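**Q** Show me how the following folds:
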Amino acid sequence: MRRAFGVLVAVVAAITAAVVTWPQFFRLERTFPFAQIVSLRGIVVVVFAVGCGVMLLLCLIRPLRSLAGSLAIVCALAAAAGGGILLMRGIGSGGLPEKSDRAVRVMTWNTAGAATEPRVIAQTAIAMKADIVALPETTIDAGEAVAIAMRERGSPMWAHHEAYPGWAANSTTLLISPDLGDYSVVQSTSGDASGTATVPSVVAMPVGGHGPTIVAAHAVAPRPDDMDGWRSSLAWLADQCAGGDVIMAGDINATVDNMTRWGVDGADFGRCRDAALTTGSGAVGTWSTAWPALLGTPIDHVLSTDTWRATGSIVLGSLDDTGSDHRPLVVQLEPAR
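**A** Sure, this is the predicted structure:
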């Protein structure tokens, strides 16, 4: 009886480890609580590694040796699988390549409302030579202050925004360099939806018809009471990447695990590819600044269609004490043709 119970426990543990390590196989990557667990892959790896160590210690107790040994193997395999996935996605590329004449640099930073000073945002964008800056949870007043500060330092920007009623978190601002041409915010629809749920995204199109459509994205967080809103927001954003010339940047509140099955023809999200994943920073957490980057979750993204080729990416960890709970992500894109 004891042996049968031990086998049952080991089988249940193995299935549980498989589900939390790769919920995509079971089509649970956007289902509570697996959507949240897989987003914290670094922490899951640590938990399995610690569990393996505890089970090895329990192997010293003779009546528990068989069960503890089986569970140690399960934990070790899960930790190795999760760690391998993190390494494959990239734990940091170290920096950006030299900016060429045709390159476009894109920065996204969820500023947590008024928590981050416009002066700090402007200094960071200038230092990173950003041409496009997506600022979820930033009001137009703050965005204009950033644009003015950048203009005074020789890097002018046009400020665009969308806002829903409520507080600063219900605003998204998009800054675009005049070097990319004139842009206008448009209403983009997906089915019956005219935007992301709860928090807004900005869709800007070139006035003259030449240049990429630029999307400053913000999807609502996958809270247990708003999973439908989260899924509908992701579906709407994926539709913005349906084709053509698109650059999307922002707080998508999802990892590439959660995006599985929304990629088309080998892309990661719609027909867009994730720049950080492509360039070796795909496992670096952008949220939360309270945790080490490799224990955080990469929910801020820069994505583009195949008209662009990502050549570098960096998650800025030097700004963790500036107010926001997100880290900025900066990506360099080059025209693919």
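**Q** who touches Asp131 in this structure?
**A** Residues near Asp131 by Cβ atoms under 8 Å, 6 or more residues apart in numbering: 104-106, 176-177, 179-180. Every residue, glycine included, has its C-beta placed from N, CA and C.
**Q** and which of the residues you listed is nearest to Ala10?
**A** Val106 (47.1 Å; Cβ to Cβ).
**Q** quick revisit: can you name the two of the contacts of Asp131 that sit furthest apart?
**A** Val106 and Asp179 (13.4 Å).
**Q** okay, the two: which has more neighbours?
**A** Each of Val106 and Asp179 has its neighbours counted (other Cβ atoms under 10 Å); Val106 has more, 26 against 9.
**Q** tell me which element that one falls in.
**A** strand 104-108 (DSSP states H and E).
**Q** Name the strands paired with that strand and say parallel or antiparallel.
**A** Using DSSP bridges, strand 104-108 pairs in its sheet with strand 132-136 (parallel), strand 329-335 (antiparallel).
**Q** Please identify the deepest-packed of those strands.
**A** strand 132-136 (a mean of 30; mean count of other Cβ atoms under 10 Å).
**Q** what's the closest of the strands paired with strand 104-108 to Arg153?
**A** Per Cβ to Cβ, nearest to Arg153 of these: strand 132-136, 13.7 Å.
**Q** quick one: average confidence on the helix or strand that that closest one is followed by?
**A** As assigned by DSSP H and E, the chain's next helix or strand after strand 132-136 is helix 140-152. Here helix 140-152 scores 96 as its mean pLDDT.
**Q** in helix 140-152, what counts as buried?
**A** Buried residues in helix 140-152, counted by 16 or more other Cβ atoms under 10 Å: 140, 142-147, 149-150.
**Q** Can you lay out those residues as TSV showing distance to Arg231?
**A** Listed next are the buried residues of helix 140-152 as TSV, based on distance: Cβ to Cβ, whole Å:
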residue	distance to Arg231
Ile140	28
Ala142	30
Gly143	28
Glu144	33
Ala145	35
Val146	32
Ala147	34
Ala149	37
Met150	36
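**Q** can you give me how far the least confident helix or strand in the chain by mean pLDDT is from the chain middle?
**A** When the helices and strands of the chain are scored by mean pLDDT, DSSP states H and E, helix 2-21 comes last with a mean of 86. Between the centre of helix 2-21 and the centre of its chain there are 32 Å (Cα atoms, centre = their mean, to the nearest Å).
**Q** for the helix or strand following it, the distance to its chain's centre please.
**A** Next along the chain after helix 2-21, taking DSSP H and E as the criterion, comes helix 34-39. Taking the mean of its C-alpha atoms, helix 34-39 sits 13 Å from the chain's own mean (Cα atoms, centre = their mean).
**Q** pLDDT of helix 34-39, averaged?
**A** On average, helix 34-39 scores 96.
**Q** That one - contacts with which helices or strands?
**A** helix 2-21 (3 or more Cβ pairs under 8 Å, 6 or more residues apart in numbering; DSSP states H and E).
**Q** Quickly list what Ile132 is bridged to.
**A** Here Ile132, judged by DSSP bridges, has bridge partners Val106, Ile176.
**Q** That should have said Gly250, apologies.
**A** Assessed by DSSP bridges, Gly250 has beta-bridge partners Ala217, His301.
**Q** ok, it - contacts?
**A** Contacts of Gly250 by Cβ under 8 Å, 6+ apart are 108, 110, 134, 136, 172, 201, 215-218, 300-301.
**Q** Pull out the buried positions in the strand holding Val106.
**A** Buried-residue list, strand 104-108, by 16+ other Cβ under 10 Å: 104-108.
**Q** Also stretch 297-309?
**A** Going by neighbour count (16+ other Cβ under 10 Å), the buried part of stretch 297-309 is 297-306, 308-309.
**Q** Out of the residues you listed, which is nearest to Leu77?
**A** Thr297 (22.7 Å).
**Q** so how far is Arg41 from the closest one?
**A** Distance from Thr297 to Arg41, counting by Cβ to Cβ, to the nearest Å: 8 Å.
**Q** What of Thr21?
**A** Distance check for Thr21 against Arg41: by Cβ to Cβ, it reads 8 Å.
**Q** Please enumerate the shared neighbours of those two.
**A** 82, 85.
**Q** Spell out which residues are contacts of both of Thr297 and Arg41.
**A** By Cβ under 8 Å, 6+ apart, the residues touching both Thr297 and Arg41 are Thr255.
**Q** outside of stretch 41-61, which residues touch it?
**A** Stretch 41-61 is contacted by residues 17, 20-21, 37-38, 64-65, 68-69, 71-72, 75-76, 78-79, 82-83, 85-86, 255, 257, 283, 285, 291, 294-297 when judged by Cβ under 8 Å, 6+ apart.
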